[in-house]
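> Kindly return the folded structure for what I paste below:
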Amino acid sequence: EVRRSGGIASALVATPAGSDTIPVMPADLSPFATLKGREGFWRLGKSEDGVWWFVSPAGQREFLNTVTTVQPFQQGRDPSGVHFVSRDWNGSVGAYDGDLQAWADKTLTRIRETGFKGLGAWCHPVFHQFNVPMTRDLNLWKWHSAGKTHLYGPEWASIVENAIVTATTPLKDNPNLVGYYTDNELDWSDATIGPGVYFDYLPFGDPNRVQVISTIQTLWPTIDEYNTAWGAKLTSWADLEQQQKLAREATDAYAKLFSAWLDKAATYYFKTTSELLKKHDPNHLNLGVRYAGFGPSEVVRAARNYTDALSINYYVSDAQLDPDLFKRMYEESQQPMILTEYGFHALDGRSGNRNTFGFQAQVPDQQARAEAYALFTTRLARLPYFVGADWFQWMDEPPSGRNADGEDVNFGIVDIDDRPYKQLAEAVRETSAKLNPLHAISATDSGNDIFRNTFANKPVAHVMKLERPITINGELSDWSELNRLPGMRRSQTIGLDRTDARMPNVFMGWRDDGLYMAAEVFDEYLETVAPDGRWWTRDCIEFWLSTRPAAKDQQVYNPFCHQFFYIPSARPTEGSGGVLGQWHRPGDAIDSNLIPHPDVRQSTRVLPGRYVVEMFIPASALHGWDPANHPEMAFNFHVKNFHLAVDYFWSAPKEAMTQQRPNTWGKLLLLTPQVASTK
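Below is the predicted model:
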């Protein structure tokens, strides 16, 4: 055994429950029960004790901790601003006119000295010439012209094949390439790949419409069954074929169609890309699609027979995993998992990053970044079905935002001047040596601290009917303690114990004509962005409401679901002080974002160290509002304090993807004083 010694990583490394030691890698590991891949190249192996590993060409087991986006420079949007330029680079910014070999050799030495075992996606291809494990993202659908056509278009597969041939031809015999990700953060939502997208307003007879109709007929074989499920009055399938767009009013039927369609489309995607990749490069692993924080069950199951691993990008501030998500994804895929992007950022970095682009993993300071790296990476190694973790990224992004999309986050192991953040670099260095030993005994690790609460047990709140309307003037004298929303919680952000985070006060009440709400938020420094941009990345309030209870498996919106948001103003005008709007989600009852909402009233007072907002949402803005007959609703509430890097919530945090999943919302019961007295 190796005793833990000084340093942030040593002090905070997550070890098996009840242990204060880091185990040494066992001398004789159990043999592999399963091996994926071709001998002489990187493979994936599952040992007889149930632990998955990356297996090197030489047969060595590795839990790979790698770093992404190692480049000689990264340009910012502001041409006259500061760009990242590697201190090892002797060429120009924006042109590969220097000595790439010399740059890569020097930089790779520093990366290894920092503790990373290899390179993740987005790294310069010159590294393929070096003896270092490295992955490659193909972006087959997202970046290539295939993304401009529908999946079942006649040209889609040929575009994908051309992209695969171009990318794999120089790499198919390279033993240092671990494998390929076929895509990065594909959107599997109804808005992007739903049956309506593949049907609505396309020409009659289009192959995509044909596939949607075929799926419908599989679910409802006769026109009578279809009419019953959809509340329709079609006389034949020809009537459906002549429709311009699919109906959505029958929410249960549409949800059933969406699920079946997602399974069909995902299966076609994985089958096509997998077969083409294996055809042109049979030597390297297919590492999946790098889900964006959440993998729908239908898509995960569809990939099971085609990819070698399941990959996901996941940004959270508490350095813990969602148990419902990760355990489900592994059970449904039965594949080893890779965390292909994660990281932690703060506002005190040396590069001047303001982190406006929006990632959930904001922590208070650089010390917390180091603590979070040690905790999260060792927690991943303690799970037998994880085989690697890719930190995003090597360097801070330019403070004006990278020129491709404006992303401007303090992600780096090094700052914009290529100087390491010493605490974080030390955490990587100390953590790296502990990963293989921890992983070797992960089959017997209880993992009690790896996962956050499941949020499976939803909170319930009683919302009292108001005797008289609240005066909407931005102060709380009208509100009673009976109207306080109980059970507000705060995120478990790493390092939050060193900040002065104070819980907001939230009040709710109702009358027949609508819903009243108020919030007192303690925030010393208001910083916001425009409501038509990434407003949710800064100080804001969000709440989600369904005028009907949410089903346990409800992953999509229906017309009863609403997402509202409020952005306070640091310089309020009299009687205003912010913007209150409704954000459009596919399946809800509005056609586009309502910013500001024309029917909703609000008033704000910005006071020293806090702001108070009151709002009234009339029945006209709440589709399905019917307190007398439907007093049970689904609800979640969220407040973001940007400078303290803390979120407050009522039912579930944003890490649970609550903005997309009504089944994470708690329960509101609208009560009258007479009914409440019997409770």
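> Identify the residues contacting stretch 237-251?
Stretch 237-251 has contacts (Cβ atoms under 8 Å, 6 or more residues apart in numbering) with 195-196, 199-201, 204, 209, 212-213, 216-217, 223, 226, 229-232, 234, 254, 257, 558-559, 587. Placement of C-beta: from N, CA and C, glycine included.
> so how far does stretch 468-487 reach from one end to the other?
Between the opening and closing residues of stretch 468-487 there is a gap of 25 Å (Cα to Cα, to the nearest Å).
> Name the surrounding residues that touch it.
Contacts of stretch 468-487 (Cβ under 8 Å, 6+ apart): 459, 461, 463-464, 466, 505-509, 511, 516, 518, 520, 577, 601-605, 612-616, 637, 650.
> How about stretch 156-167?
By Cβ under 8 Å, 6+ apart, stretch 156-167 touches 136, 138, 140-141, 144-146, 149-150, 180, 272-273, 276-277, 280-281.
> about what we covered before: list only buried entries from the contacts of stretch 237-251.
Buried subset of these (neighbour count, 16 or more other Cβ atoms under 10 Å): 195-196, 199, 209, 212-213, 216, 223, 226, 229-230, 232, 234, 254, 257, 558-559, 587.
> Among those, which ones are in helices?
Counting by DSSP state H, the buried ones among the contacts of stretch 237-251 place Arg209, Val212, Ile213, Ile216, Ile223, Tyr226, Ala229, Trp230, Tyr254, Leu257 in helices.
> Of those residues, which one scores lowest on pLDDT?
Ranked by pLDDT, these bottom out at Tyr254, which scores 91.
> Considering the contacts of stretch 156-167, which possesses the most neighbours?
Neighbour counts for the contacts of stretch 156-167 (other Cβ atoms under 10 Å) peak at Leu140, which has 29 neighbours.
> isn't that one right up against Thr182?
Yes - counting by Cβ atoms under 8 Å, Thr182 is a contact partner of Leu140 at 5.2 Å.
> what is in contact with the two at once?
Going by Cβ under 8 Å, 6+ apart, residues that sit against Leu140 and also against Thr182 are Thr273.
> can you count the residues close to Arg490?
18.
> Among the contacts of stretch 156-167, which one sits closest to Phe411?
Arg136 (20.1 Å; Cβ to Cβ).
> Next up, identify which helix or strand that closest one is on.
Element membership for Arg136 (DSSP states H and E) is strand 134-137.
> same thing with Phe326?
Using DSSP H and E, Phe326 sits in helix 323-333.
> Where does pLDDT dip in the stretch 551-679 of the chain?
Along the stretch 551-679 of the chain, segments meeting pLDDT under 70 span 570-576, 674-679.
> Let me see the ranges of the helices in it.
673-676 (DSSP state H, counting those that start in this stretch).
> now swap in the chain and tell me
Along the chain, counting by DSSP H, helices occupy 8-12, 100-114, 156-168, 190-193, 207-219, 223-230, 237-241, 251-280, 297-303, 323-333, 366-381, 422-440, 673-676.
> buried set for the third one?
Residues of helix 156-168 classed as buried by neighbour count (16+ other Cβ under 10 Å): Trp156, Ala157, Ile159, Val160, Glu161, Ala163, Ile164, Ala167, Thr168.
> burial of the closest residue in space to Asn636 that isn't next to it in sequence, as a residue count?
Excluding its sequence neighbours, the residue lying closest to Asn636 (Cβ to Cβ, 6 or more residues apart in numbering) is Ser651, at 4.0 Å. Around Ser651 there are 25 other residues, counting by other Cβ under 10 Å.
> just the one 5 residues further on next, same as before
The tally of other residues near Ala656 (other Cβ under 10 Å) stands at 24.
> again with Ser274
Around Ser274 there are 17 residues (other Cβ under 10 Å).
> And Val70, by the same measure?
The burial count for Val70: 26, using other Cβ under 10 Å.
> now it: how far from Val126?
Using Cβ to Cβ, to the nearest Å, Val70 is found at 10 Å from Val126.
> returning to what we had before: from the contacts of stretch 468-487, which land in strands?
461, 463-464, 505-509, 511, 516, 518, 520, 601-605, 612-616, 637 (DSSP state E).
> are any of those residues buried, and which?
461, 463-464, 505-509, 511, 516, 518, 520, 602-605, 612-616, 637.
> Make TSV from the helices of the chain and add distance to Phe565 to it.
What follows is the helices of the chain, written out as TSV (distance: least, Cβ to Cβ, whole Å):
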stretch	distance to Phe565
helix 8-12	35
helix 100-114	40
helix 156-168	36
helix 190-193	18
helix 207-219	33
helix 223-230	32
helix 237-241	37
helix 251-280	23
helix 297-303	28
helix 323-333	24
helix 366-381	27
helix 422-440	33
helix 673-676	30
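> Name the stretch from those helices where average model confidence is lowest.
Across these, helix 8-12 gives the lowest mean pLDDT, at a mean of 55.
> which of the helices of the chain sits most buried?
helix 366-381 (a mean of 26; mean count of other Cβ atoms under 10 Å).
> list the helices and strands that one packs on?
Contact analysis of helix 366-381 by 3 or more Cβ pairs under 8 Å, 6 or more residues apart in numbering; DSSP states H and E lists helix 8-12, strand 386-391, helix 422-440 as its packing neighbours.
> quick one, the last one and helix 100-114 angle?
With axes from the mean of the first three to the mean of the last three Cα atoms, to 10 degrees defining the directions, helix 422-440 sits at 70 degrees from helix 100-114.
> how much space is there between the residue lying closest to Ile216 once chain neighbours are set aside and Ala303?
Excluding the flanking residues, the one nearest Ile216 by Cβ to Cβ, 6+ apart is Leu257, at 6.4 Å. Using Cβ to Cβ, Leu257 is found at 21 Å from Ala303.
> who touches the spatially most central residue of the chain in this structure?
For the chain, the residue nearest the mean C-alpha position is Gly293 (2.8 Å; Cα atoms, centre = their mean). Gly293 sits next to Ile312, Asn313, Tyr314, Tyr315, Met657 when contact means Cβ under 8 Å, 6+ apart.
> One more pass at 7 Å, please.
Asn313, Tyr314, Met657 (Cβ atoms under 7 Å, 6 or more residues apart in numbering).
> Now do stretch 385-394: distance to the chain's middle.
Centre-to-centre, stretch 385-394 and its host chain are 15 Å apart (Cα atoms, centre = their mean, to the nearest Å).
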